[in-house]
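Engineer: sequence? don't have it. structure:
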């Protein structure tokens, strides 16, 4: 009888320890959830996760748990996030349109969520593997191609690894912040601005370079908008040190406003971009990087690709003018200068 009583007592003690351990585990899991997580891959619910996780996710997705049941979801590393509420109950995470996930594992560096299918885990469920953002960024490579020298300082091209976050107030992201300030100066018809600038460790902004122009007024407004964004950037760290980063902003706008009449507009984030438009923008980006590095021959190659898409674009003449100036080719420089004087961008060389 005494023996049975002792066994019962020990069973109760073990059971209480088990309950306490699980209670602490759940509490610790909820605390560990706070902060930013980047999804690195998805898999079937029964697939095992290795300790050395490779980053193979095609689409960027970041979850930032802010506390007070506030969650921000980022669909692109360049965009501001969308806020929503979340709940964590009995190791199940619920957010968005009642999407429900089982928290399979969470620690300081890794989060594993299994999305439920009709309220339970089935073969159709998807396992989502996230890394703490700091761990994710540390895994991303960095090469010589990602940097350039400016006034003896190393400047890094914006990327997933190093991307300053714009602290939006009124507008949801930096692009719309610039767009709404420049829009009043846009001309009738198609407008396209492309500029690069450096965000410095102290939050200041400088070295603004407009590569694609519309008119003198829009240049001034774009320059003012970018400069006035100072102290609104969260600068990234590299090896525990804040570093300067080269950013770019692009805005496309079709205005039907003429002689004071009403306008109908299509912004870049509202219209369906064609493959050629995307290719043109991609080459502009490469031109910007090449010019920052002083690689003028390389820039001319990308300008040539752009000319196949928009053969009469005066901005491409202006970019060639800059390349010939950098190369010291006076013959082609003068030729480009004469061609530019016949366009709406003649103010750039006057």
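Structural biologist: Ah, there it is. Predicted model only: the values in this text are computed from it and were never measured.
Engineer: CA atoms for contacts and neighbours, from now on please.
Structural biologist: Noted.
Engineer: list the contacts for the residue nearest to the spatial centre of the chain?
Structural biologist: The centroid of the chain falls nearest to residue 78 when counting by C-alpha atoms, centre = their mean (1.6 Å). By C-alpha atoms under 8 Å, 6 or more residues apart in numbering, the contact list for residue 78 reads 163, 165.
Engineer: any regions of this protein where pLDDT drops low?
Structural biologist: 1-30, 57-58, 172, 257-274 (pLDDT under 70).
Engineer: could you break it into its assigned domains?
Structural biologist: 34-138, 144-348 (automatic domain parsing).
Engineer: and for residue 97, the neighbour number?
Structural biologist: 7 (other C-alpha atoms under 10 Å).
Engineer: what strand or helix carries it?
Structural biologist: Under the criterion DSSP states H and E, no helix or strand holds residue 97.
Engineer: returning to that earlier point: could you tell me whether the residue nearest to the centre of the chain really is in a strand?
Structural biologist: No - using DSSP: H, G, I helix; E, B strand; the rest coil, the assignment for residue 78 is coil, not a strand.
Engineer: check the gap between it and residue 164 for me.
Structural biologist: Separation of residue 78 from residue 164 (C-alpha to C-alpha, to the nearest Å) stands at 9 Å.
Engineer: could you report the neighbour count for residue 311?
Structural biologist: 12.
Engineer: residue 285 versus that one, what's the distance?
Structural biologist: The spacing between residue 311 and residue 285, counted by C-alpha to C-alpha, is 18 Å.
Engineer: what residues does the closest residue to residue 232 other than its chain neighbours make contact with?
Structural biologist: In space, and not counting its chain neighbours, residue 232 is closest to residue 167: 5.1 Å by C-alpha to C-alpha, 6 or more residues apart in numbering. Neighbouring residues of residue 167 by C-alpha under 8 Å, 6+ apart: 232, 233, 234.
Engineer: where along this structure do the helices fall?
Structural biologist: For the chain, applying DSSP state H gives helices covering 2-33, 133-139, 174-182, 216-227, 275-293, 296-309, 314-327, 330-340.
Engineer: tell me which of the ones you listed sits most buried.
Structural biologist: helix 314-327 (a mean of 21; mean count of other C-alpha atoms under 10 Å).
Engineer: residues in contact with it?
Structural biologist: So helix 314-327 is contacted by 211-213, 291, 294, 296-297, 299-300, 303, 306-307, 330, 332-333, 336-337, 339-340, 343-345 (C-alpha under 8 Å, 6+ apart).
Engineer: same thing but 7 Å
Structural biologist: Contact with helix 314-327 is made by 212, 213, 296, 300, 303, 332, 333, 336, 337, 340, 343, 345, as judged by C-alpha atoms under 7 Å, 6 or more residues apart in numbering.
Engineer: orientation of that helix relative to helix 275-293 in degrees?
Structural biologist: Helix 314-327 and helix 275-293 are oriented at 20 degrees to each other (axes from the mean of the first three to the mean of the last three C-alpha atoms, to 10 degrees).
Engineer: follow-up on the earlier one: and the residue nearest to the centre of the chain, its phi and psi?
Structural biologist: phi -90, psi -10 (degrees, to the nearest 10).
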